[in-house]
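Enquirer: model this:
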Amino acid sequence: MMKRLIFILSLALPLLCMSCNKKAEQSPERAEYIRVYDSADSELPIDSAWVSVKGGTLTYYIRSNVAFDAKWQNEGKVWARIQQPKKLSDDLWSVSLTADPISDRVYSTTSTDGLYTYRYGVLMLTAPSLQLGKYFVVEQGYVNRIACDFSWLFGSADPNAAYSDVVMDRWTAAQQSQGFTSTPIPGQDHAWVYSKDGYVRLGNNKGYGADLMTPHTAAFQEDSLLILSFRAVSQSGADLPDFTGGTEPIVPMGVMCATKADGDAEPVDDNHLRVEILDGGFIRDKIGEKGTSIDFDLSSYNRESPNYPADIFDSGRYMVFLAGTLNNPINVNTTVRFVAGSMSETAAEKNNRVFIDDIFIYRIDPKKSEDPFILYGSRSGKDKLMGE
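Expert: Below you'll find the model as predicted:
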C-alpha cells in the first residue's frame, strides 16, 4: 500500500507542476502549506531524511498555516514511532521520531535481508478537510549490490558433520546459477567448497583450502564506496562421523566426548581467512598503500552451547570497507574473493576449514546515506553495528 502511495505521488507531482506552469496566470500558488525542516531556523524545506543504522531519536520542524495530523507508516514490522507535534509558535511545530536499530533484521533465515539492508517509512502530515498533505520519507540502511543468505543451499546443519554436504561442481543447475565460483587446486578433483544447510564450507579435512568468488553485478557501474558484510567462523573440534544416506540424527556432543579415550585431544584447525577485492577498487583502510586484501583470524563456535548448531555464527560477524579511485574504480567486474587455507598443490600440515554465511555488499551513496567510515570511525574487522 505504501509503495503504491509513493509511486502515485511520484507520478502526480510532475503533472501538478506542468499544470501549474500552464495556468500560472489564472491559478496563484495555494495559500495553505505544510513544510518540513531539519532545524527551527532553517529556511530550506526538505523532503526526506536519513536515520542511522544504530537508530536513535531525531527531531523535525514543521511550518504550517493550517492544523494538521501526524502519522507514521512503514511496511512490515513497525520500526519507528513519532510523538505528536509540539507547537512552538503560531506556525512552527516540532515532531520527534525514534527509529529502532536496524540490527533486529540481522540475516533473516527467510529472506535476503542483511544486517544493514535498506528500508524506509513515511511521516504523513495531513489536513484531510483541505485535501492537503506532506509525505516525508525517512530512510535507513543501504541498497544491496549483492545479497546472499545461502538459503538455497542444502547439507548438514552441524558444521562438524559432513553427511549430505556437496562439493560446488556437483551443485544443482539452479544453485550454480547464483553465480558463485571457486578455483580448483591443480591436481585436485574438485574445488573444495561444500554446501551446508544454508551456508558454505571452504576447505577439506586433507589440508587443502578453497576460495569463493562473489558474482558479478551488472546493475551498478559507478559505485565508489561499498560495505562488505559477512559471517564467518573456523572449524572447532573433531569431525562427526559421516552417515550413509543422511537420514540419521546428528550425534550429540556428549555422546561423542564419552566415546573418546582419556587424554585424546581434538584436532585444532587453523582459523585464517583472506578477503580480496578483484578487478576494481581497494580496501578502504589500505587505500593509501593501494591494498586489495585483508586477513582475519576468525573466532570459532561453542559446541557445548544449548543452541548449537543454530548459533555457530553468533561470534563471527565481519565487515570490510571498499573504495574505488579514479585510476582503479569499482565497476561491473569487481568481485570479492574469500580464501581459506592453502591453495598450494601440496597439502598443508593443518586443516583450515572456514564456514561462511550471509554475504552482503552494500552501496554507500555519499550524497545522502551515512558513511560509517567517516561518521563513526568504523574500520574493517569484526563488526559491532557500525562502531558500537
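Enquirer: Please count neighbours and contacts with C-alpha atoms only from this point.
Expert: Will do.
Enquirer: how far away is the most centrally placed residue in the chain from residue 141?
Expert: The centre of the chain sits closest to residue 114, judged by C-alpha atoms, centre = their mean, with a distance of 3.6 Å. Distance of residue 114 to residue 141, given as C-alpha to C-alpha, to the nearest Å: 10 Å.
Enquirer: cool, residue 90 as well?
Expert: As judged by C-alpha to C-alpha, residue 90 and residue 141 stand 36 Å apart.
Enquirer: And those two? Which one has more around it.
Expert: Remark: of residue 90 and residue 141, residue 141 carries more neighbours, 25 against 10, as counted by other C-alpha atoms under 10 Å.
Enquirer: give me the low-pLDDT residue ranges for the stretch 201-350 of the chain?
Expert: Scanning the stretch 201-350 of the chain for pLDDT under 70 picks out the ranges 218-222, 242-267.
Enquirer: What ranges does it have for its helices?
Expert: For the stretch 201-350 of the chain, the helices defined by DSSP state H, counting those that start in this stretch cover 253-258.
Enquirer: just the strands in it please.
Expert: Remark: strands assigned in the stretch 201-350 of the chain by DSSP state E, counting those that start in this stretch are 210-213, 225-234, 272-278, 282-283, 293-297, 317-323, 335-340.
Enquirer: For the last one, name the packing helices and strands.
Expert: In terms of contacts (3 or more C-alpha pairs under 8 Å, 6 or more residues apart in numbering; DSSP states H and E), strand 335-340 is packed against strand 210-213, strand 272-278.
Enquirer: Residue 238 against residue 159, yeah?
Expert: No: between residue 238 and residue 159 there is no contact under C-alpha atoms under 8 Å: 10.2 Å.
Enquirer: The two: who's more crowded?
Expert: Between residue 238 and residue 159, counting by other C-alpha under 10 Å, residue 159 is the more crowded of the two (27 against 14).
Enquirer: Now do that one against residue 234, distance only.
Expert: In terms of C-alpha to C-alpha, residue 159 sits 9 Å off from residue 234.
Enquirer: same check, this time on residue 115
Expert: Distance, residue 115 to residue 234, using C-alpha to C-alpha: 21 Å.
Enquirer: Same question for residue 276.
Expert: 18 Å.
Enquirer: follow-up on the earlier one: what is in contact with residue 159 and residue 234 at once?
Expert: residue 355 (C-alpha atoms under 8 Å, 6 or more residues apart in numbering).
Enquirer: start to end distance for stretch 176-184?
Expert: Distance across stretch 176-184, first residue to last, is 15 Å (C-alpha to C-alpha).
Enquirer: Show me how far that stretch is from its chain's centre.
Expert: With C-alpha atoms, centre = their mean, to the nearest Å as the basis, stretch 176-184 stands 21 Å off its chain's centre.
Enquirer: For it, give me every contacting residue.
Expert: 168, 190, 191, 192, 193, 210, 211, 212, 213, 214, 215, 216.
Enquirer: Give the full set of residues in contact with the nearest residue to residue 62 once chain neighbours are set aside.
Expert: Residue nearest to residue 62 in three dimensions, not counting chain neighbours: residue 36, with 4.6 Å by C-alpha to C-alpha, 6 or more residues apart in numbering. Residues in contact with residue 36 (C-alpha under 8 Å, 6+ apart) are 45, 46, 47, 60, 61, 62, 63, 136.
Enquirer: So the second one, which state does it fall into?
Expert: Following DSSP: H, G, I helix; E, B strand; the rest coil, the label given to residue 46 is coil.
Enquirer: if we can go back for a sec, relative to residue 371, which of the helices and strands packed on strand 335-340 is closest?
Expert: Closest approach to residue 371 among the helices and strands packed on strand 335-340 (C-alpha to C-alpha): strand 272-278, 19.8 Å.
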